[in-house]
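Asks: Quick one, structure for this:
(one chain, ligands or ions: 1)
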Amino acid sequence: MNFTTGAKASELLSLDHIRSQLIRLEDTIIFSLIERAQFARNAKIYEKGAFRDIIDFDGSWVEWFLLETEIFHAKARRFTSPDEFPFTPLERLPQPVIPVMTFPRLLYPPAASKVRVNDQILRFYCGEIVPGITSAADDGNYGSAATRDVEVLQALSRRIHFGMFVAESKFLSAPHDFIPHILSTPPNGDALAGLITKPEVEAKLLVRLGNKAKIYGGEFDADGKIIETSGMGKIDVQKIVDMYRDHVIPLTKVVEVEYLVHRLDDVPQSQIDAWMQSRH
Ligand SMILES: C=C(O[C@@H]1C=C(C(=O)O)C=C[C@H]1O)C(=O)O
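Replies: Okay, here's the model as predicted:
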């Protein structure tokens, strides 16, 4: 999200604006997956310790790429942006080498600081998505494949953690709907999930995603004439749709609910009372 346009927090937190950002992120994720699908699975790059003798690192080749990439990006202040959530623990990342920009405060920090699902993203992407979009071979392109993996992982992380902005937007639109379920003991996660779930939005997304993937994966001849529109020449389009249905959307909703569960942490009772009064 571009936070430096001078737009007001209320504009940045409008649900329509946030959803437009999610739609734009579909393009990034589809193209990044198409790029990864160019290379073989190269299963060795996901095995922890497989390159230990070469890189002196106990994790996988891809996890090493992720660490080194995020260390470099941290120097360029990437992770001071409100919608960036590194896979690498913050304490392992260096400080920016350029002055940090100021951003409008959109999320509620005591809630936002408690929601991180990058481990789940890494697990489903490496374990299920890569095998679904690559040939079960080893072409030796370990650097190229890992570079594309990092791009997909970072885009998926932004997309899924965007659920916090969605949750904040929905909360501020009707706090009285959410507060009783947040304050119940234990918090009523199912009720919160029911409030944030919009089946019609999800259904439209999956149709749009499939159509985009077919077009983006299409083939053109030397004269620019379209010769293939199934998208299957570059990637198994259905795997992209399945990824959103089975992982991206469900994990985004987990982020929304987890954020809401902590949305009243340290909030003064007077503010909660005022929100409850606002329902009239
Ligand atoms: C992101 C939203 O919240 C939920 C999650 C969605 C998703 O991950 O695509 C879509 C609709 C909702 O069920 C939203 O309402 O736009």
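Asks: list the buried ones in stretch 107-115?
Replies: By 16 or more other Cβ atoms under 10 Å, the buried positions in stretch 107-115 come out as 107-108, 111-112, 115. All C-beta atoms are positioned from the backbone trio N, CA, C, and that covers glycine.
Asks: and the protein, which of its residues are near the ligand?
Replies: Counting by Cβ under 6 Å from any ligand atom, the residues of the chain close to the ligand are 19, 166, 196-198, 201-202, 205, 249, 252-253.
Asks: which among those end up buried?
Replies: Buried by 16+ other Cβ under 10 Å: 19, 166, 196, 205, 249, 252-253, out of the residues of the chain next to the ligand.
Asks: mind putting those in TSV, distance to residue 220 and secondary structure included?
Replies: What follows is those, written out as TSV (distance: Cβ to Cβ, whole Å; DSSP: H, G, I helix; E, B strand; the rest coil):
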residue	distance to residue 220	secondary structure
19	31	helix
166	36	helix
196	41	helix
205	27	helix
249	31	helix
252	33	helix
253	37	helix
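Asks: got the contact list for residue 105?
Replies: Applying Cβ atoms under 8 Å, 6 or more residues apart in numbering to residue 105 gives the contacts residue 9.
Asks: ok so it is a helix residue?
Replies: No - counting by DSSP: H, G, I helix; E, B strand; the rest coil, residue 105 is located in no helix; its state is coil.
Asks: about what we covered before: nearest to residue 69 among the buried ones among the residues of the chain next to the ligand?
Replies: residue 252 (23.4 Å; Cβ to Cβ).
Asks: Once you drop chain neighbours, what's closest to that closest one?
Replies: Nearest residue to residue 252, sequence neighbours excluded (Cβ to Cβ, 6 or more residues apart in numbering): residue 163, at 4.1 Å.
Asks: thought that neighbour was touching residue 256?
Replies: Yes - the pair residue 163 and residue 256 passes the contact test of Cβ atoms under 8 Å, sitting 4.3 Å apart.
Asks: The nearest residue to residue 220 once chain neighbours are set aside: how many residues sit nearby?
Replies: Distances taken as Cβ to Cβ, 6+ apart put residue 226 closest to residue 220, at 5.5 Å, once the chain neighbours are dropped. By other Cβ atoms under 10 Å, 10 other residues sit near residue 226.
Asks: If you count neighbours, what's buried in the helix or strand in which residue 153 is found?
Replies: Secondary-structure element containing residue 153, defined by DSSP states H and E: helix 142-161. Across helix 142-161, burial judged by 16+ other Cβ under 10 Å covers 142, 145-161.
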